[in-house]
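*Asks:* Here's a sequence, model it:
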Amino acid sequence: MHAKIENKRKMRDQGTNIPKPRKSLISLDVTPYYHCVSRCVRRTFLCGTDALTGRSYEHRRGWVEQRLLELPRHFAIEVSAYAVMSNHTHLVLHINAQQAAAWSTTEVIERWHGLFSGHPLTHRFLRGETESGAEQAEVEEIAREWRQRLSSISWFMRCLNEPIARQANEEDQCSGRFWEGRYKSQALLDEAAVMACMAYVDLNPVRAKMADTPEASDHTSIQRRIRALEKPDMAPEEKLPQPAQLQPFVGYPREPMPEGLPFRLHDYLTLVDWTGRCLREDKRGAIDQALPPILERLHIEAPEWMEMTSGFEERFKTLVGNRQRIDQACEQLGQRWAHGTRACERLMPG
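*Replies:* Numbering: from 1, shown residues only. Model prediction:
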């Protein structure tokens, strides 16, 4: 114990970051966007195919996707992108603080009851049976805590992963961990980081050679967005159909600016298709010179973009964005510095 304390003291004296609890790394003051990754413990077959027995567990990917798309009905958290792979999941999540703040006490309680059994007093409140001021005050205090949890990524991931683990263990007739410890998270500090991470997530199956094209990538947000567009009567760009379960694209910044991803859906789909072709055909040495509009807007060159989207997790650490945003985030989080700043400086515009 003394050695552990001494090591922490040395790390602090040398200016080295001491590992921080998750709640201090996920902060709305820093950014509302986060990339979260969960991995299975026995990586080879828990969600894929067991190479020894040949038994397929692919149906569990459907379990994860169904649960994931249900949770935004209860949480003030939107799914920007996702990919459910054979042994891990990638999510890009957006915390909608304004939505949570606008909920009434009744709406908070109803949303929580959709996930958990709740409290006897909150059930009485919904039936109109709480009369005293003390009971009403206690209901408000309970609702305050639940409102915070319903805008917490940690609670979102808990509500996603725990039911899947129980369901898988029941099917396997075993007990123990399904997921490999806690999920990993990366804070996406600016538009370039958000777009690069979303494209990285959407193209996971293509990069892993599980699919040839984005539209053929099962259990991904890009496939769901593309299928929503497969309508006989195509609408204008601003009225293109988008999946209700996913955070919408709302076009480039303007006044008044609606809530959503600040890009055009068509431009993003073009970007993902272009990137997927480069990854699939290994064109990194001779990339098409006609850059998609999003890259021009973000001032990112093709080689840097391909490097980001082919290894987002490996190149970037907990904070992802340009150097100025990283410095601001470190100050807000009480950190002296952050890992991975060199990669951000080299690949992301200032």
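
*Asks:* list the contacts for the residue nearest the centre of the chain?
*Replies:* Closest to where the C-alpha atoms of the chain average out (Cα atoms, centre = their mean) is residue 92, at 2.2 Å. By Cβ atoms under 8 Å, 6 or more residues apart in numbering, the contact set of residue 92 is 33-36, 79-82, 188, 194, 197-198, 201. The way it works is simple: take the backbone N, C-alpha and C, and place the C-beta from them, glycine included.

*Asks:* now do 6 Å
*Replies:* Shown in contact with residue 92 (Cβ atoms under 6 Å, 6 or more residues apart in numbering): 35, 80, 81, 197, 198, 201.

*Asks:* quick one: low-confidence parts of the protein?
*Replies:* For the chain, the stretches with pLDDT under 70 are 1-25, 42-46, 231-239, 281-289, 350.

*Asks:* Between the two ends of stretch 310-317, how far is it?
*Replies:* Taking Cα to Cα, to the nearest Å as the measure, stretch 310-317 stretches 15 Å from start to finish.

*Asks:* Now do it: everything it contacts.
*Replies:* Under the criterion Cβ under 6 Å, 6+ apart, residues 197, 200, 339, 340, 343 lie in contact with stretch 310-317.

*Asks:* export these to CSV and tack on neighbour count, distance to residue 150 and secondary structure?
*Replies:* Shown next, in CSV, are these (neighbours: other Cβ atoms under 10 Å; distance: Cβ to Cβ, whole Å; DSSP: H, G, I helix; E, B strand; the rest coil):
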residue, neighbour count, distance to residue 150, secondary structure
197, 25, 24, helix
200, 24, 28, helix
339, 11, 31, coil
340, 16, 31, coil
343, 17, 34, helix
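
*Asks:* picking up where we left off before, among the contacts of residue 92, name the ones in helices.
*Replies:* Mapping the contacts of residue 92 onto helices (DSSP state H) picks out 197, 198, 201.

*Asks:* tell me which of those residues is nearest to residue 333?
*Replies:* residue 197 (19.1 Å; Cβ to Cβ).

*Asks:* Identify the spatial nearest neighbour of that closest one, chain neighbours not counted.
*Replies:* Distance criterion Cβ to Cβ, 6 or more residues apart in numbering; nearest residue to residue 197, sequence neighbours excluded, is residue 35 at 4.8 Å.

*Asks:* can you check residue 157 too?
*Replies:* Residue nearest to residue 157 in three dimensions, not counting chain neighbours: residue 183, with 5.0 Å by Cβ to Cβ, 6+ apart.

*Asks:* Pull the contacting residues for that neighbour.
*Replies:* By Cβ under 6 Å, 6+ apart, the contact set of residue 183 is 36, 38, 157.

*Asks:* List the buried residues for whichever strand or helix holds the last one?
*Replies:* The one in question is residue 157. Element membership for residue 157, per DSSP states H and E: helix 153-172. Residues 153, 155, 156, 157, 159, 160, 161, 164, 165, 168 are the ones in helix 153-172 that count as buried (16 or more other Cβ atoms under 10 Å).

*Asks:* Then stretch 94-104?
*Replies:* Using 16+ other Cβ under 10 Å as the test for burial, stretch 94-104 gives 94, 95, 96, 99, 100, 103.

*Asks:* What of stretch 70-79?
*Replies:* Under the neighbour-count criterion of 16+ other Cβ under 10 Å, stretch 70-79 has 71, 72, 74, 75, 76, 77, 78, 79 buried.

*Asks:* And for stretch 180-199?
*Replies:* By neighbour count on 16+ other Cβ under 10 Å, the buried set for stretch 180-199 is 180, 183, 185-199.

*Asks:* Next, count neighbours for the closest residue to residue 299 other than its chain neighbours.
*Replies:* Excluding its sequence neighbours, the residue lying closest to residue 299 (Cβ to Cβ, 6+ apart) is residue 349, at 4.4 Å. Residues within reach of residue 349, counting by other Cβ atoms under 10 Å, total 13.

*Asks:* how near is residue 349 to residue 294?
*Replies:* Remark: distance between residue 349 and residue 294 (Cβ to Cβ, to the nearest Å) = 13 Å.

*Asks:* Can you list phi and psi of residue 191 for me?
*Replies:* Backbone torsions for residue 191, taken as degrees, to the nearest 10, come to phi -60, psi -40.

*Asks:* thinking again about what came up before, off-centre distance for the helix holding residue 157?
*Replies:* Computed by Cα atoms, centre = their mean, to the nearest Å, the chain-centroid distance of helix 153-172 equals 16 Å.

*Asks:* which residues are in contact with that helix?
*Replies:* For helix 153-172, contacts defined as Cβ under 6 Å, 6+ apart pick out 26, 34, 38, 63-64, 67-68, 71, 75, 77, 93, 115, 149, 175, 178-179, 183.

*Asks:* Give me the sheet partners of the very next helix or strand once past it and which way each runs.
*Replies:* Sequence order places strand 184-188 as the next helix or strand after helix 153-172, per DSSP H and E. Here strand 184-188 has these sheet partners by DSSP bridges: strand 33-39 (antiparallel), strand 319-320 (parallel).

*Asks:* same for whatever helix or strand comes next after the last one, what does it pack against?
*Replies:* Sequence-wise, the next helix or strand beyond strand 319-320 is helix 323-333, with elements assigned using DSSP H and E. Taking 3 or more Cβ pairs under 6 Å, 6 or more residues apart in numbering; DSSP states H and E as the contact definition, helix 323-333 has no neighbouring helices or strands.
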